[in-house]
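> Build me a model:
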Amino acid sequence: MSSTLLEVTRGSHEEVERLERLIVKDFQNEPASSKERLAQSHRVRLMIDTITSTTERLIEIYEDNDNARKDEIAALGGQTATGTNVFSAFYDRLKEIREYHRRHPAALVVDANEEHEALLKEEPQVEFSGEESYGRYLDLHELYNQYINSKFGEPIEYSAYLDVFSQPHKIPRKLKSTRQYREYLENLVQYLVYFFHRTEPLQDLDRIFAKVETEFEEQWADGKVEEWENAIQDGEHVQDQQTVIDLDYYSTVEELVELGPEKLKEALASLGLKIGGTVQQRAERLLLTKDTPLEKLDKKHFAKGSRGSAQNGAAVAPQQVGMLKEIALLEGKLKKLSDLLSEAIERTKDNIVKKQALTYEEIAAEREDVSA
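Numbering: from 1, shown residues only. I've put the predicted structure just below:
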């Protein structure tokens, strides 16, 4: 039997109320372990998402943009194109109900309460790595490897990295204007967001980030973002480290030659350098800028009429300032996530120290206890 819009509306309201009662009932049960607490949070998150989607569907019905609800109410009152006929509408509906039960004589009545009660016994499947130990610890090993193998990082132990990854202000500003640092920062924030969603499903991270971004925009406009007060002036000199081609990824002339003459020509032109010569000569000229500031290059490398780094730096300043702004915002999000995950970070530090004194068998046994 097809459900009318009014029946869908009634059923949707009933479902929302039933789920609200289930959420209250679930919260009345105190979890016995961190694993049970996490499962409870994810169950409640699932029910909240269902309530949200159901409510959105109800809003669409009440807005009635296609007048379907209005027409259905009119039909129930017996209003037709030829006038009002209450009895005709009543018997048409009765006929539809009888026909449905004739075709489905064995149809069962499903108790929605029993179906929803089963939700309280579900254990949502949330994926964690072995190192994360069902959300107790962070697993930053991949990011740690990125850090120690980069120009902005330093060769330190993993335990020491856990102390510094949330402190980007300790990295010199001149090393932050590269694509390598931005990609590392994006990966780090992405992982922390993913970890936060899995361990704190009831938190509204979008709202938290919206507040962070609003405050950041105000401070940036006033030049008061901590550690980035002189970003606009710095943007004028970023060109020394970043060109059309990110030289952090190239160490030999041969590697640059593989990019082709047009790409090299574009990169040289953006720096105000001569664009002529063979592909080999262009690559050699561009590679000079990797470790030598433009203002220290021999004038013979610059194109006629070019004023070198000052001229080209000024031309790209808005673009470079925009890039620095993106990096500064990512750092702001990193700091906020570090505050939100401070307890997990401390547990991770303690766990690393503890693991150094455990045997492999003891570590495996501990993981089994957590997953049990």
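
> Relative to the whole chain's centre, how far out is stretch 281-295?
Mean-position distance between stretch 281-295 and its chain equals 37 Å (CA atoms, centre = their mean, to the nearest Å).

> Mind listing what's buried along that stretch?
With burial defined by 16 or more other CB atoms under 10 Å, the residues of stretch 281-295 counted as buried are 282-283, 285-287, 289, 294. For every residue, glycine as well, the C-beta is placed using N, CA and C.

> for the strand or helix carrying residue 142, packing partners?
Using DSSP states H and E, residue 142 sits in helix 141-148. Other helices and strands packing on helix 141-148, by 3 or more CB pairs under 8 Å, 6 or more residues apart in numbering; DSSP states H and E, are helix 158-164, helix 179-199.

> Between those, which one is closest to residue 25.
When these are compared by CB to CB, helix 179-199 sits nearest residue 25, at 23.3 Å.

> Check which element follows the closest one along the chain.
Next element after helix 179-199 (DSSP H and E): helix 205-221.

> Quick one: list the elements packing against that following helix.
So helix 205-221, by 3+ CB pairs under 8 Å, 6+ apart, packs with helix 179-199, helix 309-340.

> Counting neighbours, which bits of it end up buried?
Going by neighbour count (16+ other CB under 10 Å), the buried part of helix 205-221 is 205, 209, 212, 216, 219-220.

> can you check stretch 42-61 too?
Under 16+ other CB under 10 Å, the buried positions of stretch 42-61 are 42-45, 47, 51, 54, 58.

> Make CSV from those residues and add pLDDT and secondary structure to it.
CSV is the format used below for these (pLDDT from 0 to 100; DSSP: H, G, I helix; E, B strand; the rest coil):
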residue, pLDDT, secondary structure
42, 92, helix
43, 91, helix
44, 92, helix
45, 93, helix
47, 91, helix
51, 94, helix
54, 94, helix
58, 94, helix
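
> Low-confidence stretches in the stretch 251-372 of the chain?
305-320, 358-372 (pLDDT under 70).

> my read: residue 284 touches residue 252, true?
No. Between residue 284 and residue 252 there is no contact under CB atoms under 8 Å: 10.4 Å.

> follow-up on the earlier one: can you redo the buried residues of helix 205-221 as TSV with distance to residue 13 and pLDDT?
Converted to TSV, those look like this (distance: CB to CB, whole Å; pLDDT from 0 to 100):
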residue	distance to residue 13	pLDDT
205	29	94
209	33	95
212	36	94
216	41	93
219	45	89
220	45	88
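
> Between those residues, which sits nearest residue 331?
Closest to residue 331, out of all of the buried residues of helix 205-221 and judged by CB to CB, is residue 216, at 9.7 Å.

> Can you give me the distance of that closest one to residue 188?
Noted for residue 216: a distance of 17 Å to residue 188, by CB to CB, to the nearest Å.

> got the buried residues for stretch 261-277?
Neighbour-count burial for stretch 261-277 flags 263-265, 267-275 (criterion: 16+ other CB under 10 Å).

> Just to be sure, which of those are found in helices?
Of these, the ones assigned to helices by DSSP state H are 263-265, 267-271.

> and of those residues, the nearest to residue 245?
Comparing those against residue 245 with CB to CB places residue 267 closest, at 4.5 Å.

> And that closest one, how far from residue 23?
58 Å.

> Please apply the same query to residue 337.
Residue 337 is 27 Å from residue 23, by CB to CB.

> and residue 165, how many residues sit next to it?
By the criterion of other CB atoms under 10 Å, residue 165 has 20 neighbours.

> Confirm for me that it is in contact with residue 146.
No. Using CB under 8 Å, residue 165 makes no contact with residue 146, being 10.4 Å away.

> from the middle of its chain, how far away would stretch 39-51 be?
The answer for stretch 39-51 is 20 Å, by CA atoms, centre = their mean.

> Could you list the low-confidence segments of the stretch 51-200 of the chain?
For the stretch 51-200 of the chain, applying pLDDT under 70 flags the ranges 78-86, 89, 106-117.

> what about the helices in it?
Remark: helices assigned in the stretch 51-200 of the chain by DSSP state H, counting those that start in this stretch are 68-76, 86-103, 112-117, 141-148, 158-164, 179-199.
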